[in-house]
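Chemist: For reference, the sequence and a predicted model appear below.
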Amino acid sequence: MSDRVCDFCNGVPTCEYPCADFDSLAWLPDAIESTGPWLACSTCSFLIDAGDWSELADRALAVIGKYNESHEALVMRNRILVFHCEFREHRTGSMEPVR
Ligand SMILES: [Zn+2]
């Protein structure tokens, strides 16, 4: 059994998006390095291909239990949006079935 999870919502991944390694600025002052492809479940994959980054951010927020109107949640949501934007900039190809 693989313990890999969707990089967007922690669900069961069905596909992956090739992505170049990059150092994320989204989580400053923490340094986060993204390495290798990003995994996605079927729902997140649909949203990625549809370009629905707002819904993807909401799904990520729900996973970490901060899906509310607090200041902390809004800051976290913005960080997620930046992180996903960085993914878009470093993505190198089309979705592939998970191996
Ligand atoms: Zn997902």
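Modeler: Everything's here; your move.
Chemist: how near is residue 51 to residue 37?
Modeler: Distance, residue 51 to residue 37, using Cβ to Cβ, to the nearest Å: 19 Å. C-beta here means a position set from N, CA and C on the backbone, and glycine is covered the same way.
Chemist: These two: which has the busier surroundings?
Modeler: For residue 51 versus residue 37, the count of surrounding residues by other Cβ atoms under 10 Å is larger for residue 37: 21 against 10.
Chemist: Looking at that one now. What's its pLDDT?
Modeler: The model reports residue 37 with a pLDDT of 97.
Chemist: Could you double-check that it sits in contact with residue 20?
Modeler: No. Between residue 37 and residue 20 there is no contact under Cβ atoms under 8 Å: 9.8 Å.
Chemist: list the buried ones in the helix or strand residue 74 falls within?
Modeler: If you go by DSSP states H and E, residue 74 is part of helix 71-90. By neighbour count on 16 or more other Cβ atoms under 10 Å, the buried set for helix 71-90 is 76-77, 79-84, 86-87, 90.
Chemist: Closest one of those residues to residue 65?
Modeler: Within those, the smallest distance to residue 65 is 10.3 Å, found for residue 76 (Cβ to Cβ).
Chemist: how much space between the closest one and residue 58?
Modeler: Using Cβ to Cβ, residue 76 is found at 11 Å from residue 58.
Chemist: What residues does the protein have near the ion?
Modeler: With Cβ under 5 Å from the ion as the criterion, the chain meets the ion at residues 6, 8-9, 11, 41, 44.
Chemist: Could you pick out the buried ones from these?
Modeler: Of these, these count as buried by 16+ other Cβ under 10 Å: 6, 8-9, 11, 41, 44.
Chemist: The residues you listed in helices, which ones?
Modeler: residue 44 (DSSP state H).
Chemist: any weak-confidence spans in the protein?
Modeler: Residue ranges of the chain with pLDDT under 70: 1-2, 66-67.
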